[in-house]
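Enquirer: Provided below are the primary sequence and the corresponding predicted coordinates.
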Protein chains: 2
Amino acid sequence: MVGKGYPGGMSTSPTPTPAADWLRLDQQICFSLHAASRAFGGLYRVVLKDLGLTYPQYLVMLVLWEHGDLPVKKLGEHLRLDSGTLSPLLKRLEAAGLVRRERSTRDERSVEVRLTEEGSALRERALEVPRRIVTATSFDVDEIRALRARLDDLTTALDEAAVQAAREDS
Amino acid sequence: MVGKGYPGGMSTSPTPTPAADWLRLDQQICFSLHAASRAFGGLYRVVLKDLGLTYPQYLVMLVLWEHGDLPVKKLGEHLRLDSGTLSPLLKRLEAAGLVRRERSTRDERSVEVRLTEEGSALRERALEVPRRIVTATSFDVDEIRALRARLDDLTTALDEAAVQAAREDS
DNA sequence: CACAATTCAATTGCGCACAACTAAATGGTG
DNA sequence: CACCATTTAGTTGTGCGCAATTGAATTGTG
């Protein structure tokens, strides 16, 4: 196929892609990703309204429901979030009565995040959420799985590249 | 293949997927998307540091470079952003000397965003950015194009579903 | 044991995303 | 023309994401 390397995909030109073409917005994968991420945010906002959760708060609850009580550090590793994001978020979850935060007695640097009764109970009501989301995507399970795998590959590559680029920067 | 509909993909069980399994974090497409989006953000942060732009600011500049001067409204349509996001962002771009904002004389509700000399000149330095990003993904152009198409499908479906869900909510 | 390096959570500051609202200009209809 | 709905930016408030810093607890090393 001629013009395989061309971003637009419709050209039959055998010439290499001009740098300017790469700048075209509609060819930017980043933009599509950004838009899809925000579209998810919009849908979750609607779906989670009943539960009184934001989307990132829901992700935190998912981790706690799956893994049980965890220190903030572990929670951050699961979610790739640091304390700058998690601390205020957890404070809001605590204010909502869904979790408690307790200094570990074994290691007083660490703070254990524990589900309350109410927080555990919320899981029942959340069981319907993933179904609603999956249905909304109009994708079947295999397609979702394939897309997810590609995205995870992407994330791995990008993380590595960011580290590399930062290293070169110094 | 047995267990085709099972989110984990490895089960040989012929039973339908329990709702609880859908909650498992690592099967949530949303999480992968969220992570990939932030990984992109991290890479762009490094790559754009030289240009003094954030990632959303870069997206705005891309639109202006491609389409020329635009009213805030049109800019928002291209980027799916509203004035609540764009107004302060554009103020920062103006403070950086990259754009000017001028009330339209034809329609005084509208504000035209115009590239300055400096803003237009920045394009030259930005030409290398997409290449660096694409290289970092470790994907070839066809893979990127395919992924982008899937993501755009997703965005379309999600947007529609969000509207639908909001409608049912009332 | 003493001291330096590390770990962990919290805080601060900045920018983005979005809902809700305000204010001004415009357009349409009686 | 007068009135009202609509359009367009801007503002306010809330929450997320991340860099940088702080402070306390722990660990490692001589």
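Expert: Cool, the structure landed.

Enquirer: alpha carbons only for contacts and neighbour counts from here, please
Expert: Noted.

Enquirer: wait, what's in contact with the residue nearest to residue A:29 when sequence neighbours are not counted?
Expert: The spatial neighbour of residue A:29 that comes closest, neighbours along the chain excluded (Cα to Cα, 6 or more residues apart in numbering or on different chains), is residue B:148 at 5.6 Å. Residues in contact with residue B:148, defined by Cα atoms under 8 Å, 6 or more residues apart in numbering or on different chains, are A:29, A:32-33.

Enquirer: and these as a markdown table, adding pLDDT?
Expert: Output for the contacts of residue B:148, formatted as a markdown table (pLDDT from 0 to 100):
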| residue | pLDDT |
| --- | --- |
| A:29 | 85 |
| A:32 | 91 |
| A:33 | 91 |
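
Enquirer: If you rank these by neighbours, which is first?
Expert: In terms of neighbours by other Cα atoms under 10 Å in any protein chain shown, these top out with residue A:33 at 25 neighbours.

Enquirer: Around the closest residue to that residue other than its chain neighbours, count how many other residues there are.
Expert: Nearest residue to residue A:33, sequence neighbours excluded (Cα to Cα, 6+ apart): residue B:37, at 6.1 Å. For residue B:37, the count of nearby residues is 24 (other Cα under 10 Å).

Enquirer: quick one: the strands in chain A?
Expert: Listed in chain order, the strands of chain A (DSSP state E) span A:70-71, A:99-103, A:111-115.

Enquirer: List the strands paired with the first one, with their directions.
Expert: So that's strand A:70-71. According to DSSP bridges, strand A:70-71 forms sheet pairs with strand A:111-115 (antiparallel).

Enquirer: same deal with the second one?
Expert: Strands that pair with strand A:99-103, judged by DSSP bridges, come out as strand A:111-115 (antiparallel).

Enquirer: touching DNA strand C at all, the strand it pairs with?
Expert: Yes: using Cα under 7 Å from any atom of the strand, strand A:111-115 reaches DNA strand C at A:111-112.

Enquirer: For chain A, which helix or strand comes out least confident on mean pLDDT?
Expert: The helix or strand of chain A with the poorest confidence is helix A:19-22; it has a mean of 74 (mean pLDDT, DSSP states H and E).

Enquirer: what's in contact with it?
Expert: Contact with helix A:19-22 is made by A:7, A:28, B:127-128, B:130-131, as judged by Cα under 8 Å, 6+ apart.

Enquirer: Report the residue ranges of every domain in chain A.
Expert: A:30-130, A:139-170 (automatic domain parsing).

Enquirer: Confidence-wise, which of those domains is weakest overall?
Expert: Mean pLDDT across the domains of chain A is lowest at domain A:139-170; the value there is a mean of 87.

Enquirer: Just give me the longest helix of chain A.
Expert: helix A:141-169 (DSSP state H).

Enquirer: ok so, going back, and DNA strand D, which of the contacts of residue B:148 contact it?
Expert: Near DNA strand D, by the rule Cα under 7 Å from any atom of the strand, you find none of these.

Enquirer: Which of those residues fall in helices?
Expert: In helices, judged by DSSP H, the following of these are found: A:29, A:32-33.

Enquirer: is the longest helix of chain A anywhere near DNA strand D?
Expert: No: figure legend: helix A:141-169 not in contact with DNA strand D (Cα under 7 Å from any atom of the strand); closest approach 9.3 Å.

Enquirer: Return the set of buried residues in that helix.
Expert: A:141, A:144-145, A:147-148, A:150-162, A:165 (16 or more other Cα atoms under 10 Å in any protein chain shown).

Enquirer: Repeat that for stretch A:117-132.
Expert: A:119-120, A:123, A:126-127, A:129-130.

Enquirer: got a list of what residue A:128 touches?
Expert: residue B:19.

Enquirer: how does it look with 10 Å?
Expert: Contact analysis of residue A:128 by Cα atoms under 10 Å, 6 or more residues apart in numbering or on different chains lists A:47, B:19-20, B:22-23.

Enquirer: Mind giving me the PyMOL select for these, buried ones only?
Expert: Only the buried entries of the contacts of residue A:128 go into this PyMOL selection, using 16+ other Cα under 10 Å:
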select buried, (chain A and resi 47) or (chain B and resi 22+23)
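
Enquirer: For the contacts of residue A:128, which two are the farthest from each other?
Expert: A:47 and B:20 (17.3 Å; Cα to Cα).

Enquirer: for DNA strand D, what are the nearby residues on chain A?
Expert: A:54-57, A:80-85, A:88-89, A:92, A:105-109.

Enquirer: Number of residues surrounding the residue nearest to residue A:125 when sequence neighbours are not counted?
Expert: Leaving aside its sequence neighbours, residue A:125 sits nearest to residue A:51 (Cα to Cα, 6+ apart; 7.6 Å). Number of residues near residue A:51 (other Cα under 10 Å) recorded here: 13.

Enquirer: which residues touch residue A:51?
Expert: Counted by Cα under 10 Å, 6+ apart, residue A:51 has contacts A:58, A:122-123, A:125-126, A:129.

Enquirer: Tell me the one among those nearest to DNA strand C.
Expert: Minimum distance to DNA strand C across the contacts of residue A:51 is 16.1 Å, recorded for residue A:58 (Cα to the nearest atom of the strand).
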